[in-house]
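Visitor: Please find the sequence and the predicted model below.
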Amino acid sequence: MADAALRLTALAEELLGEKLPVRIRAWDGSESGPPGAPVLVIRNRRALRRLLWKPGELGLARAWVAGELDIEGDLYGALDLMASLIWDRGAEAKDSVHPVRDPKVRAFARGLLQLAGPWLPPPPPPEEVRRRTGTLHTKRRDKEAISHHYDVGNDFYELVLGPSMVYSCAYWEDGGSLEEAQRDKLDLVCRKLALKEGDRLLDVGCGWGSMALHAAREYGARVTGVTLSVEQAAYARKRIADEGLTDLVEIRVQDYRDVRDGPYDAISSIGMAEHVGSVRFREYADDLYALLRPGGRLLNHQIARRPEKDESAYHVDEFIDAYVFPDGELAPVGRTVATLEEAGFETRDVESIREHYALTLRSWVANLEKHWDRAVRATSPGRARVWRLYMAASALSFEHNKIGVNQILVVRPAEGGASRMPLRARVWPAPATG
């Protein structure tokens, strides 16, 4: 009798104490749950074995990446429903009854075992980062982490990011396109840094060279871009050569900690600081301070998390750490600002653009879905599933204010404490024409 979906629904509802808001379709063809709701498809009982041997987010992630779990219908709606039912509930209950001692959890596990069978779990999908050893955020470990995320094929990123090749939050106007929004973001950064012809700009974590190109082409800046990704650097250098800007832009495969050719007039760090880690963030701030001339500006564009009641309880999301950004960490914006000021910077402006990132991520997901077959060929089915899940879930996190993103403009004060900033700095001047 095909009844796996009915049995799974009963087990889940007994554990959660309420009706499932999603429909389940199991490997035996059975279905259960509210008609018309998003469908959680369990293609193989291996998914249950993964969950039994690795309960929680990582077990679910492995099944998703392996293609054993899928969602039919509204992906965002399904993730929203499951987040409120599972992940949010788990966060609220983490200090209550220990799961192993909870009779409901034990009953759920027994029922799952009966459906899954007594076999060992399959190995993790090949897209999962291999467990790293040694101290966090050494230069070697950071280079390996960056390679895992960015060296997955420039063709894949072209499909997802579009022609701008900008992998950070865009800056939107109503009715604008992704390309226009990314151009506006790059221009906003240049204006906040008050770039002018001949200025030396250090672009930390330069990606595929979009910021460097914009600053050189539109403002005449002399740009040094640094990245740990060999594939990114090669792509950026070709773009720069194609535009005839090799006299203004240099791209290096280099750790920011090894840059020693300051002083620079300005530094941009866009979507890079999330990789630095809390144990290294003061070092990061000190290094960038030392590389700036007095009166020079740093624009730090960084994702932030909400503060924890107990900051020692913060832990990196298992799925993100294993499949997306190994060793990445988020900090509350207040902690970031404080650390920059401890290094000697003066904070001049903090702009939250949280809603802009939700729009950006939804655009990237739409690009990926539109070009799904090509994206799979460019990387792997598992990698494409990783990106679809993480970008869609992240869009919801920004929309619900679980995480945010901020542009923090700081200055290295000149002699006597002068900032050399205009009185009305929020009126970011447009570049001179003619």
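Guide: Great, that's in hand.

Visitor: Contacts only, for residue 368.
Guide: By Cβ atoms under 8 Å, 6 or more residues apart in numbering, the contact set of residue 368 is 159, 160, 375, 384, 387, 388, 391. From N, CA and C alone the C-beta is placed, and that goes for glycine too.

Visitor: Pick the one among the residues you listed closest to residue 203.
Guide: residue 160 (21.1 Å; Cβ to Cβ).

Visitor: For the closest one, what are phi and psi?
Guide: phi -80, psi -50 (degrees, to the nearest 10).

Visitor: Residue 174 now?
Guide: Backbone torsions of residue 174, given as degrees, to the nearest 10, read phi -60, psi 130.

Visitor: same thing with residue 227?
Guide: Torsion angles, degrees, to the nearest 10, at residue 227: phi -150, psi 160.

Visitor: beta partners of it?
Guide: Here residue 227 shows beta-bridge partners residue 253, assigned using DSSP bridges.

Visitor: Which residues are in contact with the nearest residue to residue 380 once chain neighbours are set aside?
Guide: Leaving aside its sequence neighbours, residue 380 sits nearest to residue 127 (Cβ to Cβ, 6 or more residues apart in numbering; 6.6 Å). Each residue near residue 127 by Cβ under 8 Å, 6+ apart is listed here: 65, 323, 380, 382, 383, 386.

Visitor: where's residue 127 relative to residue 55, distance?
Guide: With distances taken as Cβ to Cβ, to the nearest Å, residue 127 is found 21 Å from residue 55.

Visitor: any idea where the helices of the stretch 1-150 of the chain begin and end?
Guide: 4-16, 46-53, 57-65, 75-82, 88-93, 103-116, 139-150 (DSSP state H, counting those that start in this stretch).

Visitor: Contact partners for residue 297?
Guide: Residue 297 sits next to 192, 193, 194, 266, 267, 348, 409, 410, 411, 412 when contact means Cβ under 8 Å, 6+ apart.

Visitor: now do 6 Å
Guide: 193, 266, 411 (Cβ atoms under 6 Å, 6 or more residues apart in numbering).

Visitor: Closest to residue 174 out of these?
Guide: Using Cβ to Cβ, the contacts of residue 297 come closest to residue 174 at residue 193, 26.2 Å.

Visitor: State the distance from the closest one to residue 211.
Guide: 10 Å.

Visitor: How about residue 169?
Guide: Distance from residue 169 to residue 211, by Cβ to Cβ: 13 Å.

Visitor: Equivalent analysis for residue 364, please.
Guide: In this view, residue 364 and residue 211 are 18 Å apart by Cβ to Cβ.

Visitor: Compare these two and say which is more crowded by neighbours.
Guide: The neighbour comparison of residue 364 against residue 211 (other Cβ atoms under 10 Å) goes to residue 211, with 28 against 24.

Visitor: What residues of the helix or strand harbouring that one count as buried?
Guide: In this assignment (DSSP states H and E), residue 211 forms part of helix 210-219. By neighbour count on 16 or more other Cβ atoms under 10 Å, the buried set for helix 210-219 is 210, 211, 212, 213, 214, 215, 216, 217, 219.

Visitor: who are the neighbours of it, in terms of helices and strands?
Guide: helix 178-192, strand 200-204, strand 222-227 (3 or more Cβ pairs under 6 Å, 6 or more residues apart in numbering; DSSP states H and E).

Visitor: export the ones you listed to CSV and tack on mean pLDDT and distance to residue 155?
Guide: As requested, those are arranged in CSV below (pLDDT from 0 to 100; distance: least, Cβ to Cβ, whole Å):
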stretch, mean pLDDT, distance to residue 155
helix 178-192, 98, 18
strand 200-204, 98, 23
strand 222-227, 98, 18
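
Visitor: Of those, flag the one that's most buried.
Guide: Neighbour counts (mean count of other Cβ atoms under 10 Å) averaged over each of those peak at strand 200-204, with a mean of 26.

Visitor: Can you give the strand pairings for it, parallel or anti for each?
Guide: When DSSP bridges is applied, strand 200-204 pairs with strand 222-227 (parallel), strand 264-270 (parallel).

Visitor: how far out from the middle of the chain is the first one?
Guide: This means strand 222-227. Offset of strand 222-227 from its chain centre (Cα atoms, centre = their mean, to the nearest Å): 22 Å.

Visitor: got the angle between that strand and helix 210-219?
Guide: 170 degrees (axes from the mean of the first three to the mean of the last three Cα atoms, to 10 degrees).

Visitor: Dump strand 222-227 to PDB, restricted to CA.
Guide: Provided in PDB are the C-alpha atoms of strand 222-227 (Å, rounded to 0.1, in the frame of the first residue of the first chain):
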ATOM      1  CA  ARG A 222      43.800  54.400 -10.700                       C
ATOM      2  CA  VAL A 223      42.600  51.200  -9.300                       C
ATOM      3  CA  THR A 224      44.200  48.200  -7.600                       C
ATOM      4  CA  GLY A 225      41.800  45.300  -7.200                       C
ATOM      5  CA  VAL A 226      42.700  42.200  -5.100                       C
ATOM      6  CA  THR A 227      41.000  38.900  -4.900                       C
END
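
Visitor: Quick one: list the elements packing against whatever helix or strand comes next after it.
Guide: Heading C-terminal from strand 222-227, the first helix or strand you meet, by DSSP H and E, is helix 230-242. Identification of packing neighbours for helix 230-242 by 3+ Cβ pairs under 6 Å, 6+ apart yields strand 249-253.

Visitor: how about the strand it packs on: buried residues?
Guide: Buried residues in strand 249-253 (16+ other Cβ under 10 Å): 249, 251.

Visitor: what's in contact with stretch 128-144?
Guide: 148, 228, 255, 277, 279, 280, 322, 323, 326, 327.

Visitor: could you dump whichever strand or helix holds residue 286 to CSV, C-alpha only?
Guide: Assessed by DSSP H and E, residue 286 sits inside helix 281-291. Provided in CSV are the C-alpha atoms of helix 281-291 (Å, rounded to 0.1, in the frame of the first residue of the first chain):
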residue,chain,number,x,y,z
PHE,A,281,38.0,41.8,11.9
ARG,A,282,40.1,44.2,14.0
GLU,A,283,43.1,43.2,12.0
TYR,A,284,41.2,43.9,8.8
ALA,A,285,40.2,47.4,10.1
ASP,A,286,43.8,48.1,11.2
ASP,A,287,45.2,47.1,7.8
LEU,A,288,42.8,49.2,5.8
TYR,A,289,43.4,52.2,8.2
ALA,A,290,47.2,51.9,7.6
LEU,A,291,46.7,51.7,3.8
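
Visitor: Check which helices and strands that helix sits against.
Guide: For helix 281-291, the elements it packs on are helix 333-342, judged by 3+ Cβ pairs under 6 Å, 6+ apart.

Visitor: which is the next helix or strand following the helix it packs on?
Guide: strand 346-352.

Visitor: and that next one, what other elements does it pack with?
Guide: Judged by 3+ Cβ pairs under 6 Å, 6+ apart, the packing partners of strand 346-352 are strand 403-411.

Visitor: Good, wrapping up.
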